[in-house]
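1. this one's sequence-less:
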């Protein structure tokens, strides 16, 4: 379990394809204690297991499912990635509950400046449309963000200067693909309504309005 609060940026040192998937070597430095075998780390929003801690980073295995569902298999050497260690009980939840299970990848459709913010418009796959609501939460490449606007086929988020400087989102360009994970609570609302998609977004938005 994660919170979508990036704690470090890593760099791809090597991406090697294997018969069963791929092996990913990431250079990074985390504050605090050293990485250990078997711990979970979110890499651009995808939960990976540390197979081998190495000096100045770690090695993780990518399954065929991870390669199919995420953008990790398309990363180039020296590309930057967002990193977050798994939460511990008692940690502050600065973002929202993020599982590290990427739902889909999507293209960035538009980037525009509004004052000191950068508004990012992201493609919204139809399969996820009922799980994204205005003022709700979404993880984009592992970064917890608030949905500023949502429409048929897209949603928008406003990126503050801190997010732009401390994550990879400040380097994204129109046409780039990003990993998306919708709010786990929205998934349960959808499930509870029996997949009646026509009412899910309305119920989710109404609940968020009542809470906020």
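-> Thanks, I have the structure now. What you see is a predicted model; the values in this text were computed from it and never measured.
2. okay, the residue sitting nearest the centre point of the chain: pLDDT?
-> Geometric centre of the chain, nearest residue: residue 142, 2.3 Å, by Cα atoms, centre = their mean. The per-residue pLDDT reported for residue 142 equals 97.
3. from memory it sits against residue 44, does it?
-> Yes - the pair residue 142 and residue 44 passes the contact test of Cβ atoms under 8 Å, sitting 5.2 Å apart. Where you see a C-beta, it was placed from the backbone N, CA and C, and this is true even at glycine.
4. What is the neighbour count of residue 126?
-> Neighbouring residues of residue 126 were enumerated by other Cβ atoms under 10 Å; the total is 10.
5. go on, residue 30?
-> Quick note: residue 30 (other Cβ under 10 Å) scores 16 neighbours.
6. The one 4 residues further on too?
-> The number of residues packed around residue 34, counting by other Cβ under 10 Å, is 7.
7. cool, the one 10 residues further on as well?
-> Residues within reach of residue 44, counting by other Cβ under 10 Å, total 27.
8. Was I right to think it contacts residue 70?
-> Yes - using Cβ under 8 Å as the test, residue 44 is close enough to residue 70 to be in contact (7.2 Å).
9. shared neighbours of those two, anything?
-> Listed contacts common to residue 44 and residue 70 are residue 179; contacts here mean Cβ atoms under 8 Å, 6 or more residues apart in numbering.
10. if we can go back for a sec, so what sits against both of residue 142 and residue 44?
-> Common neighbours of residue 142 and residue 44 (Cβ under 8 Å, 6+ apart) are 82, 179.
11. Helices of the protein, residue ranges please.
-> Residue ranges of the helices in the chain, as given by DSSP state H, are 64-69, 161-166, 184-192, 197-211.
12. Could you list the domains of the chain?
-> The chain breaks down by automatic domain parsing into domains covering 8-85, 104-211.
13. Would you single out the least confident of the ones you listed?
-> Confidence, taken as mean pLDDT, is least for domain 104-211 of those (a mean of 88).
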